[in-house]
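>>> here is a sequence together with a model predicted from it:
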Amino acid sequence: MGLDMYLTKRRRDTDDELRLVAYWRKANHIHGRFERNASDGYIENCELYPVSKEDLARLMSDCRLALDDPRRAESVLPREEGFFFGSTRYDEGYFGSLRATIEQLRRVIDETADDEQLFYHAWW
């Protein structure tokens, strides 16, 4: 068990099947960022939350800020506590997930057409 996080997409205004475009595991700081910015402050387990390419670009920017100055990591992308949410340390796992997030989101932004909608959801 643990925190599994998904970014999916489908054509806008359809009921097409969702396609997985990014995945994280126990990246509680990324989950917290989505929770603060893609919902009313709380993400329900397995519920879809729409996100925009602009939201993803801001998340990439926050990841870069934390990587460029690790002393700011806790204020820019703080770790989140939760049952099965993973580590709360600011270690190589944390910074490695920031690098992986930037790579994933760069690809998602580049490969998402204007007629597609993105969704975030998590399972724990």
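Here it is on my side, so go on.
>>> secondary structure element holding the residue nearest the centre of the chain?
Central residue of the chain (C-alpha atoms, centre = their mean): I30, 4.5 Å from the mean position. Using DSSP states H and E, I30 falls within helix 28-38.
>>> buried residues in that helix, which are they?
Within helix 28-38, the residues scored as buried using 16 or more other C-beta atoms under 10 Å are N28, H29, I30, H31, G32, R33, F34, E35, A38. The way it works is simple: take the backbone N, C-alpha and C, and place the C-beta from them, glycine included.
>>> that older thread, how far away is the residue nearest to the centre of the chain from T101?
Computed as C-beta to C-beta, to the nearest Å, the I30 to T101 distance reads 6 Å.
>>> for this structure, which element, helix or strand, carries the lowest mean pLDDT?
Least confident helix or strand, the chain: helix 28-38 with a mean of 93, by mean pLDDT, DSSP states H and E.
>>> nearest spatial neighbour of A38, skipping sequence neighbours?
Y49 (4.4 Å; C-beta to C-beta, 6 or more residues apart in numbering).
>>> mind checking pLDDT for that neighbour?
Looking at Y49, its pLDDT stands at 96.
>>> which residues does it bridge with?
Y120 (DSSP bridges).
>>> can you pull out the low-pLDDT segments for the chain?
The model of the chain has pLDDT under 70 over residues 1.
>>> the same query, at a cut-off of 80, please.
For the chain, applying pLDDT under 80 flags the ranges 1, 39-40, 82-84.
>>> and the strands in it?
For the chain, the strands defined by DSSP state E cover 4-11, 19-25, 49-51, 116-123.
>>> longest single helix anywhere in the chain?
If you go by DSSP state H, the chain has its longest helix at helix 92-111.
>>> I figured E116 hits K9, correct?
Yes: E116 is within contact range of K9, at 4.9 Å (criterion: C-beta atoms under 8 Å).
>>> okay, these two: which has more neighbours?
Set side by side, E116 and K9 show more neighbours around K9, with 20 against 16, by other C-beta atoms under 10 Å.
>>> gap between the more buried one and E17?
10 Å.
>>> repeat that for S39.
Distance, S39 to E17, using C-beta to C-beta: 23 Å.
>>> same deal with R71?
Counting by C-beta to C-beta, the gap from R71 to E17 is 43 Å.
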